[in-house]
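[1] kindly generate the corresponding structure for this input.
(chains A, B, C and D)
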There are 4 protein chains.
Amino acid sequence: MDLFICDYAEGCHPSILEALSASNLDQTHGYGMDPHCARARTLIQDACAAPHAAVHFLVSGTQTNTTVIASILRPYQGVLCADTGHINCHETGAIEATGHKVLPLPASDGKISAAQVRQAVCAHRSDHAREHTVQPGMVYISHPTEQGTLYSLEELTELSAVCHELGLPLFVDGARLGYGLMSRQSDVTLPDLARLVDVFYIGGTKVGALFGEAVVITNPALEPDFRYFIKQNGGMLAKGRLLGIQFECLFTDQLYFRLGRHADALAERIRDIFTQAGYPMLCDSPTNQQFPILPDAVYEQLRQTCEGELWAPVDGSHSVYRFCTSWATTSAAVDRLEAAVKALQS
Amino acid sequence: MDLFICDYAEGCHPSILEALSASNLDQTHGYGMDPHCARARTLIQDACAAPHAAVHFLVSGTQTNTTVIASILRPYQGVLCADTGHINCHETGAIEATGHKVLPLPASDGKISAAQVRQAVCAHRSDHAREHTVQPGMVYISHPTEQGTLYSLEELTELSAVCHELGLPLFVDGARLGYGLMSRQSDVTLPDLARLVDVFYIGGTKVGALFGEAVVITNPALEPDFRYFIKQNGGMLAKGRLLGIQFECLFTDQLYFRLGRHADALAERIRDIFTQAGYPMLCDSPTNQQFPILPDAVYEQLRQTCEGELWAPVDGSHSVYRFCTSWATTSAAVDRLEAAVKALQS
Amino acid sequence: MDLFICDYAEGCHPSILEALSASNLDQTHGYGMDPHCARARTLIQDACAAPHAAVHFLVSGTQTNTTVIASILRPYQGVLCADTGHINCHETGAIEATGHKVLPLPASDGKISAAQVRQAVCAHRSDHAREHTVQPGMVYISHPTEQGTLYSLEELTELSAVCHELGLPLFVDGARLGYGLMSRQSDVTLPDLARLVDVFYIGGTKVGALFGEAVVITNPALEPDFRYFIKQNGGMLAKGRLLGIQFECLFTDQLYFRLGRHADALAERIRDIFTQAGYPMLCDSPTNQQFPILPDAVYEQLRQTCEGELWAPVDGSHSVYRFCTSWATTSAAVDRLEAAVKALQS
Amino acid sequence: MDLFICDYAEGCHPSILEALSASNLDQTHGYGMDPHCARARTLIQDACAAPHAAVHFLVSGTQTNTTVIASILRPYQGVLCADTGHINCHETGAIEATGHKVLPLPASDGKISAAQVRQAVCAHRSDHAREHTVQPGMVYISHPTEQGTLYSLEELTELSAVCHELGLPLFVDGARLGYGLMSRQSDVTLPDLARLVDVFYIGGTKVGALFGEAVVITNPALEPDFRYFIKQNGGMLAKGRLLGIQFECLFTDQLYFRLGRHADALAERIRDIFTQAGYPMLCDSPTNQQFPILPDAVYEQLRQTCEGELWAPVDGSHSVYRFCTSWATTSAAVDRLEAAVKALQS
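    So this is what the prediction gives:
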């Protein structure tokens, strides 16, 4: 049985386990004040070409989104995001639990535009009774999006410009950033991201680590007292070095990027497998998540050996399914998927 | 100048000021534990034919919505409501500030249906990853709605049935309840409401009182410790008797209902004025709020003497405007509006 | 029966009812954007000698405390206050409900000192693991305190200086401010307060109004977007003019101050009545609340005609009781109390 | 240099790294729905003699405390705890951030008593104005406490009885539970705990795991929808099996208990080292944390080779210091500490 259900079905890149073992009985101070975290910070600053950025390590994605957003917004402010955004759909209201409304904008292929942001903010500001409504206080986007799509450098530049003009911090959820940066269709680099946005995170959990997300704060106004937010939101790992060690590995010898490329290449094969078999895709995803629209009966057959995930029903007999690759997916597993799809058609 | 901008532009029915004056120097205990509140509770229980209902008095609508909803939901739950609902649009995220997501459903003329509620709840419950999403925990509707429309007895009965079946309390925001109950098109009575919903409030602020909303809790499971919620949410008025006195007046000699009928009758005239002048209405409102769609230039003229409120732009040169009547609107004011509209057309 | 249980047992000064009646059918815009609020703001600015202060009107004390504190603190910050402070004891956790810890300091006669504030803030700032603890973000004091005591001008000046030096806004809960300012022992004026603190409120509910608290923000950094906070916390009264009208009355012809003086003078008599009868007082209160320590059996007799409030048990047979005067207390009522106390002793 | 600063200075027991490596490339479903979590649940139920208990795995202690407490309390309720309790002192107000007041009781050696709980709850319930105060809704204790002390079986039984009688769930923070259960002075077993309390957690982070806390819910009323709380509070680890694998190791062959015993034995030696050198201890701690009171000058010398942690100043020249052992502390390190202390005295 091969699982294509998600990009966190395996453990971590073996080099990480080796590094954890090698350092296991060393003694260090806790809470991220250790040499591994220090070195990982430097490696990430270098990779971002952002020597003055602050880098903090948290454990998981929901926690990171909550912590960052709670650190930015005033109580009467909300966060603009795509209606398909993770914070709007799949975090059990964690943002609202910190007191803030998520302000959804209709997404196109998982993305929102600079024009939508401008329209929403201007509509609020020109409302004579605006204090009766939630004030847009920041913008959240995912890159890649929840549908695997990517912002182009032009789109990101426009979003950045409008956010800067309007005074709203721009935050990028990079849970799958490695798969985005290394997509053949991407024209966005890590230094671009660091230059264009106020805060983003580099996802480790889904890209080779056991767990861990590296928050990069490039806008110094957002940095003060951030560690209080981490602690209050339960994200300050006692053995913080576990995060430092993992990101040291990921940002040594381009490992993070190589893992991203690996998964994207296999995802392209999956897209081709379904497309060539005549199944439409939900959208043109250039990253590690692929969304074929399949007859439910076909999927029931397929899942006997190759399990994906039900994403959304389309009609009474068809649904969107998600098939993910990851840093750990093997070419052999994709071969077996290919064979299984072909077998269904014969 | 006549203001039709809202239904809270004047003070209160004169009988209330008289009652406040008559009792002014009496000494009573505070926080709603006085004889006036006790008597007002009985009058309301009687009017609702709900002798066992709990009745609490709060100051304002946003406060009431927040208090009731916070008293019902568990932290991971949200409140289903029309996307046009007051809690979703015009309370500066007060619900989210208590930690809860508002779960908007697309409204038809300001209303949601039993089928929509069932679909949303069933979709949640059948989701294998439902703990990653906000659980629908109650239903909020406004009656009349923010667009002046009304639920029929049949619609309300269906909503009640589906909520009961699914175990979700049904809460009715009755900020303008008097105008709803007394509409010519209404087939819903106050006892119907008390019988069909778990908690609702009888709006005083917009229907003859200086301020005040009477929360009626008919589901005894929602009653315990409700006073703690009132206090925590800042709604426990020190001189609670001010609320009791006002509701005593409103529920003596059918005053509340007579005031409702008065405003509805004048609103019908306003609807006819605009309709006969050839202007379309946003929807068919049978209550005290009317929403003509006017050329902006026409409204600019009209507002020189009769001010309404910009509700929403329609296109570059037309907008929806709101014209309200209230318990205090005079027939003479509507005559002047009629003359002004006619003058515009000549 | 005479009630000395609190300072909100009656309605309001008759001039307020007259003003409400006189303006009752006038039409105004809502939410505090009316001429009465505008004029009341000017009157208060004048009385404070603070022409640039922002003045906002809220309904009640708990609501005001919550709104002001929520508008100042960042999520990881708490509010320093006396352990006897109203926000720590009698608001059902309303501050915590907005996410903030109340940081109590041991009070002396209801007061805290500049030295205590300095010590708490310095201890926090010198803690190497301070991000694991709540950061003191502001200081809250009551004036008069919950025990009727007053800060001297020197104490207030010292608190102001230390707060300013440490960068913590100083907020004064003035629910009974009129009784404080007009105490014979007070050397603090309203302009002093406006000059020394960042934000305070002038209590109306307990000093002659039906309800209402006037927030005065003298630190312009705390002003932006305050109306959003009012609305989110349920404090934006639809008929905002009711608040404006009341404060117009209170700040015309020194009414607010005359009412304060009246109550304080009668409270001095109550203090003398108990002291001369040989009962000790909890503390030397120079304002409208008096706290005799009485044998419980004595109080049981006394309450047959003159009801106070049980404040706190002292031992198995004695308790502290609170007897309040207010703007509405009559000399005749105090005469009857005097007679009752004397009768107990004979 | 030897660090005795805390019990999380090293990685994890080597068997855990082995198990992580052995399973690393296996594919499993996420979020705790994998065979390792299932088996770890069974092992823990067995060790607790509580076959029907629910067991959930979270990442860290603050997160666990927040999640459990938020799942139990109603919005107007607070949690009774020792004033020295971790939730009151060292979690950056995480409990308050979920809206709840921490209700501190004066601790004796880090502990609170059944009598204190009864007194606090009865005082609240007998207050005629109780809805103006926070209602005690549950009790939190740490075992061992933050000062290393232990509840006896009798004390725990009494607390359990009073909580049960009063209807308040009893929650035990077991961040260092292994060190408590295996103390020579402990007469409390894991089945005792499971029998006497409503919910507790078995700390992994400080007792041999890389990270992880196992919440055991024995009161079925507290179980429903707990996974929503985990997700909302950011504690649902994508690769949940990492937690399952670690607790499988810890609860195989009594590893958890053996690690506890190891650390306690070395801590006894540390206590003897300081005591025999003539230094008083803050309290008689029978577990892995020892709190000698040392001249600051002495500590400055000692820390050149053996670093502890400053716990609290005592006077201008003495402080309480904390020296911890852990599952990873070696006998050799304690030998070096012994030599260093002796050297200071010669």
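[2] contacts and neighbour counts: CA atoms only from here.
    Fine.
[3] contact residues of the stretch 51-200 of chain A facing chain D?
    The stretch 51-200 of chain A has residues A:60-63, A:91-94, A:97-98 near chain D, with proximity defined as CA under 8 Å from any CA of the partner chain.
[4] just those residues now: which is nearest residue A:150?
    Relative to residue A:150, the closest of those is residue A:61; by CA to CA it sits at 18.7 Å.
[5] tell me, how many residues neighbour residue A:25?
    By other CA atoms under 10 Å in any protein chain shown, 16 other residues sit near residue A:25.
[6] so what's it closest to, chain neighbours aside?
    Counting by CA to CA, 6 or more residues apart in numbering or on different chains, residue D:10 is the residue found nearest to residue A:25 once chain neighbours are left out, at 5.2 Å.
[7] contacting residues for the residue positioned nearest the centre of chain A?
    Geometric centre of chain A, nearest residue: residue A:175, 2.3 Å, by CA atoms, centre = their mean. Neighbour list for residue A:175: A:61, A:142-143, A:201-206, A:213 [criterion: CA atoms under 8 Å, 6 or more residues apart in numbering or on different chains].
[8] make a PyMOL selection of the buried ones in those residues.
    Buried residues within the contacts of residue A:175, by 16 or more other CA atoms under 10 Å in any protein chain shown, are selected in PyMOL with:
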select buried, chain A and resi 61+142+143+201+202+203+204+205+206+213
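[9] how about CSV for the contacts of residue A:175, with pLDDT added?
    Shown next, in CSV, are the contacts of residue A:175 (pLDDT from 0 to 100):
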residue, pLDDT
A:61, 97
A:142, 98
A:143, 98
A:201, 98
A:202, 98
A:203, 98
A:204, 98
A:205, 98
A:206, 98
A:213, 98
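[10] adding distance to residue A:256, write the contacts of residue A:175 out as a markdown table.
    Formatted as a markdown table, the contacts of residue A:175 follow (distance: CA to CA, whole Å):
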| residue | distance to residue A:256 |
| --- | --- |
| A:61 | 17 |
| A:142 | 18 |
| A:143 | 16 |
| A:201 | 14 |
| A:202 | 10 |
| A:203 | 10 |
| A:204 | 9 |
| A:205 | 11 |
| A:206 | 11 |
| A:213 | 13 |
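[11] is stretch A:148-168 anywhere near chain C?
    No - contact of stretch A:148-168 with chain C (CA under 8 Å from any CA) is absent, the minimum separation being 14.9 Å.
[12] which parts of that stretch are buried?
    By neighbour count on 16+ other CA under 10 Å, the buried set for stretch A:148-168 is A:148-151, A:153, A:156-163, A:168.
[13] those also near chain B: which ones?
    Okay, of the buried residues of stretch A:148-168, nothing touches chain B (CA under 8 Å from any CA).
[14] off-centre distance for stretch A:223-241?
    Its chain's average C-alpha position is 20 Å from that of stretch A:223-241, according to CA atoms, centre = their mean, to the nearest Å.
[15] give me the contacts around stretch A:318-334.
    Residues contacting stretch A:318-334 (CA under 8 Å, 6+ apart): A:2, A:4-8, A:10, A:13, A:206-208, A:259-260, A:262-264, A:266-267, A:269-270, A:282, A:288-296, A:307-314, D:25.
[16] got the end-to-end distance for it?
    Stretch A:318-334 has an end-to-end distance of 23 Å (CA to CA, to the nearest Å).
[17] now swap in stretch A:103-111 and tell me
    This stretch, stretch A:103-111, spans 14 Å end to end (CA to CA).
[18] for residue A:235, phi and psi?
    phi -100, psi 0 (degrees, to the nearest 10).
[19] that one reaches residue A:61, doesn't it?
    No - between residue A:235 and residue A:61 there is no contact under CA atoms under 8 Å: 10.3 Å.
[20] apart from its chain neighbours, what residue comes closest to residue A:142?
    In this structure, residue A:142 finds its nearest non-sequential neighbour in residue A:173, 4.5 Å apart by CA to CA, 6+ apart.
[21] show me the contacts for the one you found.
    Contacts of residue A:173 by CA under 8 Å, 6+ apart are A:65, A:140-143, A:200-202.
[22] which phi and psi does it have?
    Phi and psi for residue A:173, reported as degrees, to the nearest 10, are phi -80, psi 110.
[23] show me where the stretch 101-250 of chain A has strands.
    A:102-105, A:135-142, A:170-173, A:199-203, A:213-217 (DSSP state E, counting those that start in this stretch).
[24] what's the closest of the contacts of residue A:173 to chain C?
    Chain C lies nearest to residue A:65 out of those, by CA to the nearest CA, at 15.4 Å.
[25] so residue A:172 versus chain B, what's the distance?
    21 Å (CA to the nearest CA, to the nearest Å).
[26] burial measure for residue A:207, as a count.
    Residues within reach of residue A:207, counting by other CA under 10 Å, total 30.
[27] no no, residue A:222
    16.
[28] that one: what's it in contact with?
    Shown in contact with residue A:222 (CA under 8 Å, 6+ apart): A:71-72, A:198.
[29] also residue A:225?
    Neighbour list for residue A:225: residue C:131 [criterion: CA under 8 Å, 6+ apart].
[30] can you tell me the closest non-neighbouring residue to residue A:305?
    residue A:1 is the one closest to residue A:305 (CA to CA, 6+ apart), at 4.7 Å.
[31] residue A:306 is in contact with the one you found, correct?
    Yes - the criterion here is CA under 8 Å, and residue A:1 meets it with residue A:306 at 6.0 Å.
[32] which residues of the stretch 51-200 of chain A lie near chain C?
    So far as CA under 8 Å from any CA goes, the stretch 51-200 of chain A lies against chain C at A:70-71, A:75-76, A:131-133.
[33] could you identify the most distant pair in these?
    A:71 and A:132, at 22.9 Å, using CA to CA across those.
[34] test my guess that residue A:201 contacts residue A:213.
    Yes - applying CA under 8 Å, one finds residue A:201 in contact with residue A:213, separated by 6.3 Å.
[35] narrow the buried residues of stretch A:148-168 to those in helices?
    A:153, A:156-163 (DSSP state H).
[36] hmm, back to that, among the contacts of residue A:222, the buried ones, what's the ChimeraX command?
    Remark: buried members of these, expressed as a ChimeraX selection using 16+ other CA under 10 Å:
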select /A:71,72,198
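[37] residue contacts, residue A:262?
    Residues near residue A:262 by CA under 8 Å, 6+ apart: A:326-327.
[38] looking at it now. What's its pLDDT?
    As predicted, residue A:262 sits at a pLDDT of 98.
[39] immediately after the helix or strand containing it, which helix or strand?
    Residue A:262 belongs to helix A:255-276 when assigned by DSSP states H and E. Using DSSP H and E, the next helix or strand after helix A:255-276 towards the C-terminus is strand A:289-290.
[40] what's in contact with the helix or strand just after that following strand?
    Sequence order places strand A:293-295 as the next helix or strand after strand A:289-290, per DSSP H and E. Under the criterion CA under 8 Å, 6+ apart, residues A:279-282, A:317-321 lie in contact with strand A:293-295.
[41] which among the residues you listed gets closest to residue D:217?
    Using CA to CA, these come closest to residue D:217 at residue A:321, 35.8 Å.
[42] please tell me how far that closest one sits from residue A:36.
    If you go by CA to CA, the gap between residue A:321 and residue A:36 works out to 40 Å.
[43] out of the two, which sits in the more crowded spot?
    Per other CA under 10 Å, whichever of residue A:321 and residue A:36 has more neighbours is residue A:321, with 24 against 21.
[44] my guess is the more buried one is in a strand, correct?
    Yes - secondary structure assignment places residue A:321 in a strand (DSSP: H, G, I helix; E, B strand; the rest coil).
[45] show me the contacts for the closest residue in space to residue A:257 that isn't next to it in sequence.
    Once flanking residues are discounted, residue A:257 sits nearest to residue A:178: 5.9 Å by CA to CA, 6+ apart. By CA under 8 Å, 6+ apart, the residues touching residue A:178 are A:202-203, A:207, A:256-257, A:259-261.
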